[in-house]
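In: predicted model follows, preceded by the sequence.
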Amino acid sequence: MATTVIRLSFIAACFLFTAASNVYAVSWKSVGSGSLKGIEKFDVYIDTDSIRRENGKVRFWQGHVFYSEQTLPTGKPYVRVSMERVVDCASNTASTLEAVFYGGDSSVVDRYAAGRDVKFDTVSPGSISGAVFNYICGSEK
C-alpha cells in the first residue's frame with residue numbers, strides 16, 4: 001500500500017510540475033529498478049522530453065521513486081529524487097549536476113547542485129546506471 005501511495009505521489013507531482021512550469025513537457029519512461037546497499041529498492045525513470053545534446057554530452061532529468069522512506073545525512077526524510085544528469089557517451093562516463101529530494105507530501109526537503117565541482121565517473125555495466133546510460137546513449141544514435 002505504501003509503495004502505491006509513493007508511486008501515485010510521484011506521478012501526481014510530475015503532473016503538477018508540468019502544469020506549474022508550462023515551460024517543458026515531461027514524459028517519464030521507466031528504465032528499471034535499483035537498490036541502495038542491496039536492500040532499499042527504487043524505480044528509475046527518465047524524462048524523455050528533457051534529453052538534450054550539448055557540447056558532445058547528453059543532458060536529461062532522471063527520477064528515482066523509493067519503495068520506502070529514505071533519510072538524508074541531514075536527517076531529512078525523502079521518498080523520491082529528481083536529478084539533472086549529464087553523460088558522455090564517447091567516454092562511458094556520467095555526472096549529476098543537480099538533485100532535488102522530495103518528501104512524502106511532494107514538498108522539496110533538500111537540494112544539491114554540483115556547481116563547478118562536476119565530476120564524471122565511469123558507468124558500471126550491468127548496473128542501473130548502466131541501464132540509464134544505455135537508454136540515453138542509444139536514443140542519441
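Out: Arrived safely. Model, not experiment: these values are computed from the prediction. Residues are numbered from 1 along each chain as shown.
In: same question for whichever strand or helix holds Arg85, mean pLDDT?
Out: Using DSSP states H and E, Arg85 maps to strand 77-88. The predicted model gives strand 77-88 an average pLDDT of 96.
In: same check, this time on stretch 33-49
Out: 89.
In: that older thread, what comes up buried for the strand holding Arg85?
Out: Using 16 or more other C-beta atoms under 10 Å as the test for burial, strand 77-88 gives 78-88. Bear in mind the C-beta positions are built from the backbone N, C-alpha and C, glycine included.
In: just checking, what packs against that strand?
Out: Counting by 3 or more C-beta pairs under 8 Å, 6 or more residues apart in numbering; DSSP states H and E, the packing neighbours recorded for strand 77-88 are helix 2-21, strand 57-71, strand 93-102, strand 108-113, helix 128-139.
In: tell me the mean pLDDT for the shortest one?
Out: Averaged over strand 108-113, pLDDT sits at 96.
In: same check on the longest one?
Out: Helix 2-21 comes out with an average pLDDT of 46.
In: sorry, back to before: will you turn the buried residues of strand 77-88 into TSV that also has distance to Tyr45?
Out: Output for these, formatted as TSV (distance: C-beta to C-beta, whole Å):
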residue	distance to Tyr45
Tyr78	16
Val79	14
Arg80	10
Val81	11
Ser82	9
Met83	11
Glu84	14
Arg85	12
Val86	17
Val87	16
Asp88	21
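In: now, the most widely separated pair of these?
Out: Val79 and Asp88 (30.3 Å; C-beta to C-beta).
In: and Ser50, what does it touch?
Out: 24, 26, 59-61 (C-beta atoms under 8 Å, 6 or more residues apart in numbering).
In: now, the most widely separated pair of the residues you listed?
Out: Longest span within the contacts of Ser50, C-beta to C-beta: Val26 and Arg59, 14.8 Å.
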